[in-house]
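K.L.:
Test case, fold it:
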Amino acid sequence: MSSELLVEFGEDATTAQLGPLKLTTLEDQQWPADESTLSKSEMDVSQRFDANSPHLPWDHPYYDIARHQIIEVAGDDNFGRKVIVFNACRMPPHHQLDHHKLLMYLKGTLDQYVESDYTLIYFHHGLTNENKPSLSWLRDAYREFDRKYKKNIKALYIVHPTMFIKTLLILFKPIISFKFGRKINYVNYLSELEDVVKCEQLIIPARVKEYDNKLRASLKPSAQPLVSPLHSPPLPGQVFGVPLVMLRQRSPDGDAIPAVMRDTISFLSEQGLEIEGIFRRSANVTLVKQVQLRYNSGEKVDFREMEDIHLAAVILKTFLRELPEPLLTYQLYNDIINFNAVSSDNQESLMKTLVESLPEENYATLRFLITFLAQVSANSEVNKMTNSNLAVVFGPNLLWGRDNAMSLSAIGPINNFTRTLLDQQHLVFT
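P.N.:
Just a heads-up that it's a prediction; the model follows:
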């Protein structure tokens, strides 16, 4: 993966020189649209909202944007940062898409995460003359995305860049900041993303996968990129990515709460409650991997020796996200997504019923975590982590759909449920 010095869009006479540029490349033109095998009636049905879909309801003002799944949220990356994905190939022809609303929808997604470190992944393949936004849209985006959005973005990965986008960004170089340019990386093959994020947690469009296969097939065997296996065989004492029930069975005293959570929460309770923005910052990825390896190898880990509050916070979030099934379980997914529809008078009893229906290990672990987060929130005047802020951080790490990625419509209900759980934890866990 090579990092390029790129720049950030702004208004300048240079933009006037970009009009004649064409976005469509030969390789783009050879690929049919996604779901090209579906009839019009099948396409209409596939776009209807139902309870199991992450799409917004049909009467929502952003339904026409959300239904295309251009923008998605895919958990945390290997650095403990939230991942936002933009799929160019899912953009319909420009006359069928309100690009201003797309911009507002993107802002609405980012608004939930810009106070924390986050990563953008842009799948470029599939952007053509038919669906490309205008240069004026890019200028509008520059105006809309002020310092609030740019401050905590730690990396932008452009996957499958074409000569066009490289040329475009070079032309913009005189008017784009040096600081932002250092955050942009070109990713030539999907396998290279494994250094950043687990690819199975991304819903990568079929067209993008096919194009990646085509690129790799065109290389000589000696030049083939390394492809990471989807699932490495677990180590005998593996901790990350292992079901809670198995971790309990391995525990010498049958403890239902995993050692990783006891270690991190104990350390954070002692030294992290007054750290401003705790859980909003990433950690050194090398240290994160080292700690994971130590746990997976059966070693004892003492975070006091490392003296890095954010490392312990990232390890806690990473452990939750790497569970093979979310802590709140797939079984409760629909109930939690629809929790907002329940009257406020009944929410407390319903939440208590849902939580108590969890497997014993999940219930004990959730109670242990929520009790700790209540301590964090009690110090919110210092650490700035209110229940609402904690819900934004932990909601997507407590529950996700079976396909891992989530649209903006699924995030809201999950975060709301998490916030309510934090608000009512003293009543729910009695």
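
K.L.:
Give me the distance between residue 102 and residue 199.
P.N.:
As judged by Cβ to Cβ, to the nearest Å, residue 102 and residue 199 stand 25 Å apart. The C-beta positions use only the backbone N, C-alpha and C, and glycine is treated the same way.

K.L.:
who's more crowded, these two?
P.N.:
Per other Cβ atoms under 10 Å, whichever of residue 102 and residue 199 has more neighbours is residue 102, with 21 against 17.

K.L.:
Just to check, the more buried one is in contact with residue 70?
P.N.:
Yes: shown here, residue 102 and residue 70 form a contact pair, counting by Cβ atoms under 8 Å, at 6.9 Å.

K.L.:
Name the residues contacting each of these two.
P.N.:
In terms of Cβ atoms under 8 Å, 6 or more residues apart in numbering, residue 102 and residue 70 are both contacted by the residues residue 91.

K.L.:
can you give me the strands for the stretch 1-150 of the chain?
P.N.:
Taking DSSP state E, counting those that start in this stretch, the strands of the stretch 1-150 of the chain run over residues 2-3, 71-76, 82-87, 118-123.

K.L.:
So for residue 371, which of these sits nearest?
P.N.:
Residue 371 lies closest, by Cβ to Cβ, to one member of those: strand 71-76, at 22.4 Å.

K.L.:
which residues are contacting the closest one?
P.N.:
Against strand 71-76 from outside (Cβ under 8 Å, 6+ apart): 82-87, 105-106, 109, 113, 121, 197, 201-203, 317-318, 321, 396-397, 400, 404-408, 411.

K.L.:
low pLDDT regions in the chain?
P.N.:
1-57, 142, 171-176, 220-236, 403-409 (pLDDT under 70).

K.L.:
mind giving me the domain ranges of it?
P.N.:
According to automatic domain parsing, the chain comprises the domains 2-223, 244-428.

K.L.:
doesn't residue 240 make contact with residue 324?
P.N.:
No: contact criterion Cβ under 8 Å: residue 324 and residue 240 do not qualify, at 10.3 Å.

K.L.:
more neighbours, these two?
P.N.:
The neighbour comparison of residue 324 against residue 240 (other Cβ under 10 Å) goes to residue 240, with 19 against 9.

K.L.:
The nearest residue to that one once chain neighbours are set aside: how many residues sit nearby?
P.N.:
Once flanking residues are discounted, residue 240 sits nearest to residue 322: 4.8 Å by Cβ to Cβ, 6 or more residues apart in numbering. Residue 322 has 17 neighbouring residues, counting by other Cβ under 10 Å.

K.L.:
quick one: residue 322 and residue 244 touch, right?
P.N.:
No: using Cβ under 8 Å, residue 322 makes no contact with residue 244, being 11.8 Å away.

K.L.:
Can you give me every residue that contacts the closest residue to residue 196 other than its chain neighbours?
P.N.:
Leaving aside its chain neighbours, residue 196 sits nearest to residue 77 (5.3 Å; criterion: Cβ to Cβ, 6+ apart). Residue 77 sits next to 83, 119, 196-197 when contact means Cβ under 8 Å, 6+ apart.

K.L.:
which two in those are spaced the farthest apart?
P.N.:
Longest span within the contacts of residue 77, Cβ to Cβ: 83 and 196, 8.4 Å.

K.L.:
Look at these two and report which has more neighbours.
P.N.:
Higher neighbour count among residue 83 and residue 196: residue 83, with 26 against 20, using other Cβ under 10 Å.

K.L.:
Report the beta-bridge partners for that one.
P.N.:
Following DSSP bridges, residue 83 is listed with bridge partners residue 119.

K.L.:
That one and residue 203: what is the separation?
P.N.:
For residue 83 relative to residue 203 (Cβ to Cβ), the value is 11 Å.

K.L.:
Would you map the helices across the stretch 101-250 of the chain?
P.N.:
Per DSSP state H, counting those that start in this stretch, the stretch 101-250 of the chain carries helices over the ranges 135-144, 147-150, 163-172, 178-181, 206-217, 244-250.

K.L.:
between the ones you listed, which one is nearest to residue 390?
P.N.:
With distances scored as Cβ to Cβ, the stretch of the helices of the stretch 101-250 of the chain nearest to residue 390 is helix 147-150 (20.0 Å).

K.L.:
what comes up buried for that closest one?
P.N.:
residue 149 (16 or more other Cβ atoms under 10 Å).

K.L.:
can you list the residues that contact that helix?
P.N.:
Contacts for helix 147-150 (Cβ under 8 Å, 6+ apart): 8, 107, 110, 114, 180.

K.L.:
Pick out the most distant pair among those.
P.N.:
It's 107 and 180 that sit farthest apart of those, by Cβ to Cβ, at 17.3 Å.

K.L.:
from the chain's centre, how far out does the top helix by length along the chain sit?
P.N.:
In the chain, assigned by DSSP state H, the helix with the most residues is helix 360-378. In terms of Cα atoms, centre = their mean, to the nearest Å, the centre of helix 360-378 is found 23 Å from the chain centre.

K.L.:
again, but for stretch 248-260
P.N.:
Centroid separation for stretch 248-260 versus its chain: 29 Å, with Cα atoms, centre = their mean.

K.L.:
thinking again about what came up before, now the common contact residues for residue 83 and residue 196.
P.N.:
77, 119, 121.

K.L.:
dump the residue contacts of the last one.
P.N.:
Read that as residue 121. 74, 83-86, 156-157, 159, 193, 196-197, 202.

K.L.:
can you do 10 Å?
P.N.:
72, 74, 77, 83-87, 155-159, 185, 187, 193, 196-197, 202, 204 (Cβ atoms under 10 Å, 6 or more residues apart in numbering).

K.L.:
now do the second one
P.N.:
Residues in contact with residue 119, defined by Cβ under 10 Å, 6+ apart, are 74, 76-79, 81-85, 113, 153-157, 183, 196-197, 282.

K.L.:
Now do it against residue 151, distance only.
P.N.:
From residue 119 across to residue 151, the span is 14 Å (Cβ to Cβ).

K.L.:
how about the helices of the stretch 101-250 of the chain in CSV, adding distance to residue 66?
P.N.:
Listed next are the helices of the stretch 101-250 of the chain as CSV, based on distance: least, Cβ to Cβ, whole Å:
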stretch, distance to residue 66
helix 135-144, 19
helix 147-150, 20
helix 163-172, 25
helix 178-181, 28
helix 206-217, 20
helix 244-250, 33
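
K.L.:
For residue 349, which of those is the nearest?
P.N.:
Evaluated with Cβ to Cβ, these place helix 244-250 nearest to residue 349, the distance being 25.7 Å.
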